[in-house]
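# Sequence and predicted structure below; questions after.
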Amino acid sequence: MHDTARNRCGRVTGHEGPYLRLRPFAGGREWDADPARVRVLSQDELLRVLVAEANARSRDRV
């Protein structure tokens, strides 16, 4: 999902009251997102995010 209010992407992990809980794809701290300001990532955007996450993991292993 893309949180347009924060210009961040993350996975939906749940909801808290009226807000969605999102966590960055590479892990990290969750944040609350207004469902009215969240949209589904396109296939291209999702692929870009997942490749960036894989690249970051491979850099951390060296």
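Good, I have the coordinates.

# any low-confidence regions in the protein?
62 (pLDDT under 70).

# now the strands for it?
2-3, 8-9, 11-16, 19-23, 31-33, 38-39 (DSSP state E).

# ranking the ones you listed by burial, who's on top?
Ranked by mean neighbour count under mean count of other Cβ atoms under 10 Å, these are led by strand 2-3, which reaches a mean of 19. Where C-beta positions appear, they are placed from N, C-alpha and C, glycine not excepted.

# Who are the packing partners of that strand?
Strand 2-3 makes packing contacts with strand 8-9, strand 38-39 when contacts are defined by 3 or more Cβ pairs under 8 Å, 6 or more residues apart in numbering; DSSP states H and E.

# Dump these to JSON lines, plus distance to residue 47.
Converted to JSON lines, the helices and strands packed on strand 2-3 look like this (distance: least, Cβ to Cβ, whole Å):
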{"stretch": "strand 8-9", "distance to residue 47": "12"}
{"stretch": "strand 38-39", "distance to residue 47": "16"}
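
# Out of those strands, which gets nearest to residue 18?
Closest to residue 18 of the helices and strands packed on strand 2-3 is strand 38-39 (Cβ to Cβ; 12.0 Å).

# contact partners of the closest one?
Strand 38-39 is contacted by residues 1, 2, 3, 4, 20, 22 when judged by Cβ atoms under 8 Å, 6 or more residues apart in numbering.

# Test my guess that the fourth one contacts residue 37.
Spelled out, that is residue 4. Yes: Residue 4 lies in contact with residue 37 (Cβ atoms under 8 Å); the separation is 4.9 Å.

# Spatially central residue for the protein, please.
Compute the mean C-alpha point of the chain, and by Cα atoms, centre = their mean the closest residue is residue 10, 1.0 Å away.

# pretty sure that one is touching residue 31, no?
Yes: contact status for residue 10 versus residue 31: in contact at 7.5 Å, counting by Cβ under 8 Å.
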